[in-house]
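The following block contains a protein sequence and its predicted model.
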Amino acid sequence: MKILHTADLHLGRQFFGLSLEADHAEILDQIVSATAANDVDLLVVAGDVFDRAAPPESAVKQFNAFLRRVVAETDAAIVMIAGNHDSSGRIAAMSILSDPDRALIRGGAEAVERPLLLKDAFGEVAISALPFSYEYAAREAFEDEGISSPEDVLRAQVAAARAEVPEGARWVVVAHAFVDGGAGSEGERPLTRVGGIETVAASVFDGVDYVALGHLHRPQQVGAAHIRYSGSPLAFGFDEAGAQKSMLLLELNGQGVAAIEAIPFTVTRGVRELRGTLGELIAGEGSNDFIRAVLTDQTPLIEPMKRLREVFPNACQIVLAREERASEVKALGGQVSAMSPIEMVGSFLETVRGNGLDEGETTVIAAALHAVKTKEGAQ
């Protein structure tokens, strides 16, 4: 059985105020093409279909057109869950007219977690869809006032799902969570209130053959090779500049996961950071990429963003290197209490000139500090 794992589409999102509708259209087209070209049996969308609970009408139309194409152009079944950015009611409503033998669409936690059952040459595969749920909603669904964290929620969901898996069936779980050991990025919204613990242990998924996760935007495995984030198809912050985005194609045999392959997405507009003087950047080759420019000019600039956008029309952010460095020096003040005087000087020089103390400088500073200490002791 072939499964295509995707997540975190965030339809309707903007990048620093710039529309991503055309970029999302490219991505959705590539998902449909990969599903058809690889004879995929199951397409997974592991949450955060939309970027907010009330997405723009254009995003809803875009996703509905995507689903129609998957149904018309492929034979794949679809499993989809709500993520923390989605409205659980909106996602759940999509299941009303769907074919129960070909689709499992889940918006909120339920006490009975019945799977979608598919068959291949090796027998049955049970796919459990566990949507993101806040604690208060899970307490009501499971009638358990002891649920107080995202891990409690997911443990209750997994236990309910496990009870519905047929004897001998291989088991795939689709979930939206922050699993211990995962690497986050600036584009993700916390899953719990300030001060709460949002991570869950990988052991929650013991006994599952493959875990298709959503929420973290970087493609990665956590805890074990069969527990995976596909990552988001698009970068949503400059901390992901240059990252290769992908969807995961996996194949199940009779024992479980036989192979996992990353299918890269191609994008018209990438995310990049450029560093140099304004003159150097605008003299270079232009592009439509989203640009964060770190300008190294030491003198004031006139309308730098306007001039930058003549070459890079999707420039989003300008950072002045001198201010960035000053900010780093200021931040250093919070660390000095834990440093020796020599370490403090070395760290300061590392920040402002790019390298710390050499042997000769260390000797001079050590001698000066010794002289000061000796003088203080004599008073």
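Now that the structure is in, tell me what you want to look at. Residues are numbered from 1 along each chain as shown.

which residues in the stretch 1-150 of the chain form strands?
2-6, 14-15, 18-19, 42-46, 77-81, 103-106, 116-120, 123-130 (DSSP state E, counting those that start in this stretch).

Out of the ones you listed, which gets nearest to K61?
strand 18-19 (14.3 Å; Cβ to Cβ). All C-beta spots, glycine's among them, are computed from the backbone N, C-alpha and C.

Sheet partners, orientation included, of that closest one?
Sheet pairing here is set by DSSP bridges, and for strand 18-19 it gives strand 14-15 (antiparallel).

Show me which of the strands of the stretch 1-150 of the chain has the highest average neighbour count.
Per-stretch averages of neighbours, counted by mean count of other Cβ atoms under 10 Å, single out strand 42-46 among the strands of the stretch 1-150 of the chain, with a mean of 28.

So which of the strands of the stretch 1-150 of the chain is nearest V257?
strand 2-6 (9.3 Å).

Which strands border the closest one, and is each parallel or antiparallel?
By DSSP bridges, strand 2-6 pairs with strand 42-46 (parallel), strand 246-252 (antiparallel).

can you list contacts of it?
The contact list for strand 2-6, computed with Cβ atoms under 8 Å, 6 or more residues apart in numbering, reads 31, 34-35, 38-46, 76, 172, 210, 212, 228, 230, 233, 247-252, 263.

what pLDDT, on average, does it get?
Averaged over strand 2-6, pLDDT sits at 98.

Tell me what angle it forms with strand 123-130.
Counting by axes from the mean of the first three to the mean of the last three Cα atoms, to 10 degrees, strand 2-6 lies at 10 degrees to strand 123-130.

Can I get the strands of the stretch 1-150 of the chain in a markdown table including distance to V364?
Shown next, in a markdown table, are the strands of the stretch 1-150 of the chain (distance: least, Cβ to Cβ, whole Å):
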| stretch | distance to V364 |
| --- | --- |
| strand 2-6 | 59 |
| strand 14-15 | 50 |
| strand 18-19 | 52 |
| strand 42-46 | 58 |
| strand 77-81 | 63 |
| strand 103-106 | 68 |
| strand 116-120 | 72 |
| strand 123-130 | 63 |
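
closest one to V311 among those?
Closest approach to V311 among those (Cβ to Cβ): strand 18-19, 16.3 Å.

So for that closest one, mean pLDDT?
Across strand 18-19, pLDDT averages out at 95.

Check stretch 56-74 too.
Averaging pLDDT along stretch 56-74 gives 97.

who's in contact with it?
Applying Cβ under 8 Å, 6+ apart, the contact partners of stretch 56-74 are 9, 11-12, 21, 24-25, 28, 31-32, 35-36, 40, 43, 49-51, 76, 78, 94, 102.

And stretch 30-45, by the same measure?
Identification of contacts with stretch 30-45 by Cβ under 8 Å, 6+ apart yields 1-7, 9, 66, 69-70, 73-81, 118, 120, 127, 172, 174, 212, 214, 233, 247, 249, 263, 265-266.

sorry, back to before: and the contacts of strand 2-6, which of them are buried?
Buried subset of the contacts of strand 2-6 (neighbour count, 16 or more other Cβ atoms under 10 Å): 31, 34-35, 38, 40-46, 76, 172, 210, 212, 228, 230, 233, 247-250, 252, 263.

Quickly note the distance from E21 to R269.
Using Cβ to Cβ, to the nearest Å, E21 is found at 12 Å from R269.

Comparing these two, which residue is more hemmed in?
Counted by other Cβ atoms under 10 Å, E21 and R269 do not tie: R269 has more neighbours, with 20 against 14.
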